[in-house]
Each structure stands twice: as C-alpha cells, then as structure tokens.
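*Asks:* Here is my input; please provide its structure:
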Amino acid sequence: MRNQWLVPPLGVGLAAALLTGCGSDDGENAGSGDAVVVGMSDDVQATDPASGYDPGSWLLFNNVFQSLLSFPSGSTEPEPEAAKECHFSNGTTVYTCTLRDGLEFSNGDALTSKDVKFSFDRMMKIDDDAGPAVMFPMLDKVLAPNDKTVVFKLKYADATFPSKIASGAGSIVDRREYPADKLRTDGKAVGSGPYRLDSYSKNEADFSVNATYNGTAEVKNSGVTLKFFHGDQAALKKSLLDADVDVAYRGLAAKDISGIRESDSTDIDIVQGSSAEVQHLVFNMNDPVVGKLAVRKAMAYLIDRDALISDVYDNTTTSLYSIIPAGITGHNTAFFDTYGDRPDRAKAQAALRADGITGKVKLTLWSTPSRYGPATDAEFKAIAKQLNASGLFDADVKSVEISQYERDIASGKYGVYVKGWVPDYPDPDNFTQPFFGKGNVLGNNYDNSTITNTIVPDTAAQTDRSGTTEEYERLQDIVAQQLPILPLWQAKQYALVRDGVYGLENCLDASTVFRFWEISKS
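*Replies:* Below is the predicted model of the structure:
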C-alpha cells in the first residue's frame, strides 16, 4: 500500500531487545500552541484499523491509536511506544512485548495485553478485503499471559515483524468498544494515541489532544482539523492561498508546487522530506506482445525517466533504477547498470531484431488517474511519445477509472500498466515480497522460484537487516534481467505551509508516518 535519502538503513537493533526511549510517561500531554488545519486530497477510507489500508486512513490511525512500537522521526527502525520492551526468542518465531505502566484509552478504559490480543485476533478474523490482515500470514496466535505481557507466535521466522506491528496495521483498539467479528461503522474511533477523534464527516475530521496519552510523542499543538478535498487539487491550492488551511499535504499538483516555489510569495513555505513511494511500469508476462522479453528490453532502452521527471513532474520526483528505493537497505542501480539512463535506439532495435521482430511493435499503455493522480495520464502519453519517436513502436494510451482498471488487470486484459506503491513499513521486504510470486499485488503473472522460495524467505528471517543487502541486490539483478516491471520514479514528499507553522520536516520521511504532534503554530 502505503510512503529516503537521509534516513539510516535498518540495523542490528531488532536482534536485541527494544527498550523504551525518551518520552512522556506521566500523561501530561495537553498540548500547547494553536490548533492546526491540514488539507489533503486523499480521503480517509476507514476509521476502523481492521479495514483501512490506504494512506489517508493510516494517517488517522497513526495519530489516534498506539502501536506497540513506532517509528521515530527520521528513523526506519521501530522503537517501543505502547510497549516498554520487546524482543525475539526461539530464533525469530516468538516475539514478546511488555507494556508500559498506566496505559489508558482516551475514554478512560485501561489498556492491557488483552486489548492487544483482541486487536490482532479481531483484525485477522474479520480479514477485510480493504484491511491490513494480508500483512500477517506468518501470525499463528497471540497470547496474553498477564495484563502486561503479550506474546506473538509466528508460523515461520520473520525479522520484519516488529516493523509490521509498528505500522498502522498494529493499531490497538479498546476491546470494550469494538465488535470482535465485524467492522465498526459509526465513524468513531477510540484509541490511546496522542489525539482523540472528536468528529468525522465527509469533508473533515477534528482531533483534540488526548490528555491521557502515555507514550513517546510530545504534542506541540492544541488540536488538528483535517480537511478532505477528494482529489480536487485546485480547491486545495486555493484553500492554502486563502489561508483556509495552514498545511497542504498529499495532493497538490507538481505544477502548483513548482509555481509556488518560483513565485515571490513570502507567506507560504515548501517543506521537502524524504519518501519511499515509488511507481513502476508493469508488464503482463502472459501478454502476446510484452510477454516477449525482447519487447520489454526495447522499452527499457528507450524510456527516458529524466525527461518524464522534468516535463511531467516538474522535478518533484526522482528517477528510479531499482525495485528498492534510495534510503532503504538493499537499494542498488540494477536497471541503470543494465539499460543506462539515456535512450539507446540502437540497443532497443538490436533486442527486437534478435527476436525476429522487424515491424513496429503495437501496444497500449493503460493508466488510471483516480488512483495515481492526473499526472499519470500525461506521463504515459509522454512514454508513448518516446517509444513512437524511435520508429520501433506504435504505442497509444488508454485511461480508465480504478474499479474497472483493477478488474481488467485481474482478468489479464492489459499488457502494460502502471502501479504505484506507498510502503507499509520502511524495509526492503515491503518492496519485494508483495511484488513477486502467486497472488502478488502487481497481478502480472510473474513468478521466479529463486526469488519466492529462497531470497524472500531467507532475507525475512535475518534480524540484522543490513546483512540482507547482498541478497536484495541479487534479487534486483534478476528482475532487471527478466523485466516483469520497470521502475520509473521515486517520489519526494512535500508539504506547503503558511507562515508561523513549524515542524513539518519531522513529518515527512520514509516511514510515511505523518505526525500531527510535531506541528506547531504561532
């Protein structure tokens, strides 16, 4: 699902016990400073953590609910949050956490290990199609031997388990407030995070500071109003310029960001942060045209990423030549090394001729702006133009709404299409395991037994994440040779803020956690 350069790779810390860092343990989190208004073009699809698996919903979860662990600003290694300490035992198949003292939900109910167990059991039992249960195939059972201890027993070794439960998927709910076998549908949420959800409607959500919060966050405002613009970038820009919102996050068009950057405006600042969000060109390996490796190679030789970044995205993204983005352990430049960074018609033609292809290759590039943004159509038209300019292709572009798009991919109708990825957690596992093998999120009929049966499970079992680099580089080299996907770009995160608003640099990093509590306004 879910979102570089300046963040450190995961280290050996997961092999040892995770210990509580600094933070507030006394519940004195009333917050200070003015309330903040944040606008974004994404919608919040769910207020129940057993369902939401989209960036908007996880933004809500990360601020209203606690997880046992969390990602500190600028870090890709999880640290204790609701937990006081966590550790692996029996290799990496048993994970035990001890809770902080005095944890409470925002309604005053005590938070114990029974609530943690309930939250995971409930998520797995409901197994909502739009929910995060898909992230936990390794989870066998959850035990709560006493009020302070929770034990996760895994079916197989998974050293990335701490990162997974540190994400929105690890949100802890009050067992007294949520049904065990169905989703909560009243638009309310009861958590133990830094904020309470006071109201939620189609167009906005209001959050107040949770005075009973007991965790590591230090709240720097007195509340947040989150306004939804439902994909209307022009309306979001106008609200920012009219001072109706203090912060514009996720949704301004690249041209708007560039325009504000180049203007003489003195009351709006652009804050750039790191991101691990990526976009790939995906090939259906069963397609009669792009199922041929020669065609995929020719496209890889011809596509000019830098031109796309400049002409379509106004340099708000950066060219990507790997499956794993920059800033994440295992990143390399396999596609740059294999195909270069400039169009090479001679090599593209040679690849086609070697396979006996002498005429123009006719194909359609499929796009969906409703999921990946309006610039996606322009990007694909630019790619088609690049291919056609070589004289080797006759490419066109078609665009459909997301529901039709997903159905057609599942039925194998498309040969070439776009997929974006905002990571669930900042680990190379999350950029590889979901993409390869049976039932992968790309739906492109690609399977490589070395990747799925050896590299993915072997790397997942390694607690020293920095020690996985060689194997992840091997995986990317294989993918660069076989070309089931072609990486296009890695995003940069931006927030546009009005004068007097601070702290956004602590909200934009590879963990994709947008931390309300870091924002202050004076």
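
*Asks:* quick one: residue 66 is in a strand?
*Replies:* No: read with DSSP: H, G, I helix; E, B strand; the rest coil, residue 66 is coil and lies in no strand.

*Asks:* give me the number of residues near it?
*Replies:* 29 (other C-beta atoms under 10 Å). All C-beta atoms are positioned from the backbone trio N, CA, C, and that covers glycine.

*Asks:* do you know how far the nearest residue to it once chain neighbours are set aside is from residue 191?
*Replies:* Nearest residue to residue 66, sequence neighbours excluded (C-beta to C-beta, 6 or more residues apart in numbering): residue 82, at 4.2 Å. Spatial separation of residue 82 from residue 191 under the definition C-beta to C-beta, to the nearest Å is 10 Å.

*Asks:* Pull up the overlap in contacts between these two.
*Replies:* 66, 172 (C-beta atoms under 8 Å, 6 or more residues apart in numbering).

*Asks:* shaky segments in the protein?
*Replies:* 1-32, 264-265, 437 (pLDDT under 70).

*Asks:* that older thread, tell me which residues touch the residue nearest to residue 66, please.
*Replies:* Going by C-beta under 8 Å, 6+ apart, residue 82 touches 66-68, 99-100, 103, 111, 116, 172, 192, 215.

*Asks:* among those, which are in strands?
*Replies:* residue 99 (DSSP state E).

*Asks:* Which one of the contacts of residue 82 is nearest to residue 75?
*Replies:* Nearest to residue 75 out of the contacts of residue 82 is residue 67 (C-beta to C-beta; 14.4 Å).

*Asks:* Find the nearest non-adjacent residue to that closest one, please.
*Replies:* The nearest residue in space to residue 67 (C-beta to C-beta, 6+ apart) is residue 170, at 3.6 Å.

*Asks:* separation between that neighbour and residue 47?
*Replies:* Taking C-beta to C-beta, one finds residue 170 at 16 Å from residue 47.

*Asks:* And residue 452, by the same measure?
*Replies:* 35 Å.

*Asks:* Who has more neighbours out of the two?
*Replies:* Per other C-beta under 10 Å, whichever of residue 452 and residue 47 has more neighbours is residue 47, with 21 against 17.

*Asks:* So the more buried one: helix, strand or coil?
*Replies:* Secondary structure, three-state DSSP: residue 47 is coil.

*Asks:* which ones are touching it?
*Replies:* If you count contacts by C-beta under 8 Å, 6+ apart, residue 47 has them with 57, 60, 184, 187-189, 197, 200.

*Asks:* Out of those residues, list just those in helices.
*Replies:* 57, 60 (DSSP state H).

*Asks:* farthest-separated two in the contacts of residue 47?
*Replies:* Top of the distance list for the contacts of residue 47 (C-beta to C-beta): 57 and 188, 14.2 Å.

*Asks:* How much space separates the closest residue to residue 81 other than its chain neighbours from residue 205?
*Replies:* Leaving out its chain neighbours, the residue that sits closest to residue 81 by C-beta to C-beta, 6+ apart is residue 70, at 3.9 Å. Noted for residue 70: a distance of 21 Å to residue 205, by C-beta to C-beta.

*Asks:* Could you do residue 416 as well?
*Replies:* Here residue 416 is placed at a distance of 38 Å from residue 205 (C-beta to C-beta).

*Asks:* Ok, residue 448 next?
*Replies:* 43 Å.

*Asks:* for residue 346, same thing?
*Replies:* 55 Å.

*Asks:* Looking at these two, which is more packed in?
*Replies:* residue 205 (25 against 8).

*Asks:* hang on, that one is in a strand, isn't it?
*Replies:* Yes: applying three-state DSSP, one finds residue 205 inside a strand.

*Asks:* Spatially nearest residue to it, not counting backbone neighbours?
*Replies:* That would be residue 226: by C-beta to C-beta, 6+ apart, it lies 4.6 Å from residue 205.

*Asks:* With residue 360 instead?
*Replies:* Using C-beta to C-beta, 6+ apart, the closest residue to residue 360 is residue 394 (4.5 Å).

*Asks:* Let me see the contact set for the one you found.
*Replies:* Shown in contact with residue 394 (C-beta under 8 Å, 6+ apart): 360-363, 388.

*Asks:* Just the ones of these in strands?
*Replies:* Using DSSP E, the contacts of residue 394 in strands are 361-363.

*Asks:* So residue 448 sits against residue 478, correct?
*Replies:* Yes: between residue 448 and residue 478 there is a contact at 6.3 Å, judged by C-beta atoms under 8 Å.

*Asks:* which of the contacts of residue 47 lies closest to residue 433?
*Replies:* Closest approach to residue 433 among those (C-beta to C-beta): residue 57, at 21.8 Å.
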